[in-house]
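[1] Mind looking at a prediction? Sequence and model below.
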Amino acid sequence: MRRVLEWALSHGVEAAQRMAAGLPAGYLEELGLALGLSGEERARIFGLSRATWSRRRREGVLRPREAELVYRLARIYAMALLAFGEDAAAAQAWLRRRHPELAGWTPLEAARHEPAAREAEAILARARGGVGV
């Protein structure tokens, strides 16, 4: 999981180059396991049916849209870990809690959309600066 988080916090151009080269499907699997996502939650968040997920695992590479979503979610999770002092349980709980600054979405839901993901990141950046989450 460390490699997924390091990639998500890397320089944006480096992350984009990695995605363009073909992001390993294992990144999605590692992230899903780290977040404790059930198969149903993973399907809902990533928009992948069981058959599609099985095909991605066989192919070994994610499609660009899927890779970008993995990137956004991994970045938010990495930032949450930093904001919560590496407390994975607290970071995961925050990701699943509805937030008023995200129009009632959870950060997991917000990660599906770039503008909302940026808002989740801004909330976490403020938390690291001493403003509550």
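    Nice, thanks for sending it over. Numbers count the residues shown, from 1 in each chain.
[2] Identify the residues contacting the residue lying closest to residue 57 once chain neighbours are set aside.
    Sequence neighbours aside, residue 25 is the residue nearest to residue 57 in space, at 5.3 Å (criterion: Cβ to Cβ, 6 or more residues apart in numbering). Placement of C-beta: from N, CA and C, glycine included. Contacts for residue 25 (Cβ atoms under 8 Å, 6 or more residues apart in numbering) come out as 56-57, 59-62.
[3] okay if I get these as CSV plus distance to residue 114?
    Shown next, in CSV, are those (distance: Cβ to Cβ, whole Å):
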residue, distance to residue 114
56, 21
57, 26
59, 25
60, 26
61, 22
62, 17
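[4] Check which helices and strands the lengthiest helix in the chain sits against.
    Longest helix in the chain by number of residues, with DSSP state H as the criterion: helix 64-83. Helix 64-83 is packed against helix 2-8, helix 12-22, helix 25-35, helix 39-46, helix 88-96, helix 107-110, helix 114-128, with contacts defined by 3 or more Cβ pairs under 8 Å, 6 or more residues apart in numbering; DSSP states H and E.
[5] what's the neighbour count on the nearest residue to residue 101 once chain neighbours are set aside?
    Leaving aside its sequence neighbours, residue 101 sits nearest to residue 123 (Cβ to Cβ, 6+ apart; 5.7 Å). Counted with other Cβ atoms under 10 Å, the neighbours of residue 123 add up to 22.
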